[in-house]
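Asks: Provided below are the primary sequence and the corresponding predicted coordinates.
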Amino acid sequence: MAKLWNNYRYLILRRIVQISLLVLYFGGNAWGWKILRGDLSASKMFNMIPMSDPYAVLQMLAAGAVISADLLLGAAIATLFYMLIGGRAFCSWVCPINMVTDAASYARRVLQIDNIKGTRQPASRNIRYWVLILSLVVSAIMGLAAFEFISPISMVVRGLVFGLGFGWAAVVVIFLFDLLVLKNGWCGHVCPLGGFYSLIGKFSFIRVHHNEANCTACMKCKVVCPESQVLYMVGKESLPVLSGECTNCARCIEVCDDDALGFSIKSLIKK
């Protein structure tokens, strides 16, 4: 039991956080709970503290909308949290789509799809940044928050919390896309929200750190990492993962039998 917990402790905690948030949102809508009301785009904690998705607010600003003080304050709170502490943790600890993409990634490994000739379709991870820019341009042209209108993240949350939309269809499409078309395709290559949090997350103090002295270069970490390019230092040198594209999911830490990876605080890392 202890080994099971050690190998999956962060994964278990992430699922608890993700599912708990959906339950709280559902409870706020269905039963009037005041712990967390709204959705991932805009909500209130304890009916007092505003929380807003800064990327959604950015789209609204581009669209020319008049933003309320609560939305601006909520966006500022979220931005500061992820910029200083969370990094890109939204993608692995909060977003419900992460459960879908993790399942697809696991299925790829079990079915050994990456070893089948012709199934791998390399694509640039910079696509998400172009989609991010395009979403803001389209928002400005159309006068609405473009990505929010078609976002599978919003569809899933609305479907689970309010019983609306095509949430389950979005789940199936993303799962099949990641399983059969492109490894870590949605989160790692396409999603502009992930691109946005990559940009602000590069300043975060909480980092995964690699200890080369303990590393045996087994590369288990790279197998499970959804952004394996951030672990370029594994087996080579002791360095923190400074890329904002790291989701802080901690799967690399869990699978490392050498105790060569762990969380640390950037300002205390000796250079």
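Replies: That came in fine, so what should we check first?
Asks: tell me how far the helix or strand containing Ala170 lies from the chain's centre.
Replies: Assignment of secondary structure by DSSP states H and E places Ala170 within helix 167-176. With C-alpha atoms, centre = their mean, to the nearest Å as the basis, the distance from the averaged C-alpha position of helix 167-176 to the chain average is 17 Å.
Asks: got it, and stretch 87-97?
Replies: For stretch 87-97, the distance to the chain centre is 3 Å (C-alpha atoms, centre = their mean).
Asks: please save the CA atoms from that stretch in PDB.
Replies: What follows is stretch 87-97, C-alpha atoms only, in PDB (Å, rounded to 0.1, in the frame of the first residue of the first chain):
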ATOM      1  CA  GLY A  87       3.100  27.600 -12.800                       C
ATOM      2  CA  ARG A  88       1.100  25.700 -15.400                       C
ATOM      3  CA  ALA A  89      -0.600  23.600 -12.600                       C
ATOM      4  CA  PHE A  90      -4.000  24.600 -13.900                       C
ATOM      5  CA  CYS A  91      -3.600  22.100 -16.800                       C
ATOM      6  CA  SER A  92      -2.800  19.100 -14.600                       C
ATOM      7  CA  TRP A  93      -4.500  19.900 -11.300                       C
ATOM      8  CA  VAL A  94      -7.700  21.800 -12.200                       C
ATOM      9  CA  CYS A  95      -8.700  21.300 -15.900                       C
ATOM     10  CA  PRO A  96     -11.000  18.200 -16.200                       C
ATOM     11  CA  ILE A  97      -9.800  17.600 -19.800                       C
END
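Asks: which SS class is the nearest residue to His209 once chain neighbours are set aside?
Replies: Using C-beta to C-beta, 6 or more residues apart in numbering and skipping residues adjacent in sequence, the residue nearest His209 is Ser264, 4.1 Å away. From N, CA and C alone the C-beta is placed, and that goes for glycine too. Put simply, Ser264 is strand when judged by DSSP: H, G, I helix; E, B strand; the rest coil.
Asks: does Ser264 touch Pro240 like I think?
Replies: Yes: look at Ser264 against Pro240 with C-beta atoms under 8 Å: they come within range, at 6.6 Å.
Asks: where do the contact lists of the two overlap?
Replies: Residues touching both Ser264 and Pro240 comprise 207-209, with contact defined as C-beta atoms under 8 Å, 6 or more residues apart in numbering.
Asks: of these, just the buried ones, PyMOL syntax please.
Replies: Only the buried members of the shared contacts of Ser264 and Pro240 enter the following PyMOL selection, criterion being 16 or more other C-beta atoms under 10 Å:
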select buried, resi 207+208+209
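Asks: and the shared contacts of Ser264 and Pro240, which of them are in strands?
Replies: Judged by DSSP state E, the subset of the shared contacts of Ser264 and Pro240 located in strands is 207-209.
Asks: return the longest helix in this structure, judged by number of residues.
Replies: When every helix of the chain is counted residue by residue (DSSP state H), the longest turns out to be helix 2-30.
Asks: show me what counts as buried in that helix.
Replies: For helix 2-30, burial by neighbour count (16+ other C-beta under 10 Å) applies to 10-11, 14, 18, 21-22, 24-29.
Asks: note down every partner strand of the helix or strand just after it and its orientation.
Replies: Moving toward the C-terminus from helix 2-30, the first helix or strand encountered (DSSP H and E) is strand 36-38. The strands that strand 36-38 pairs with in its sheet are strand 42-45 (antiparallel) (by DSSP bridges).
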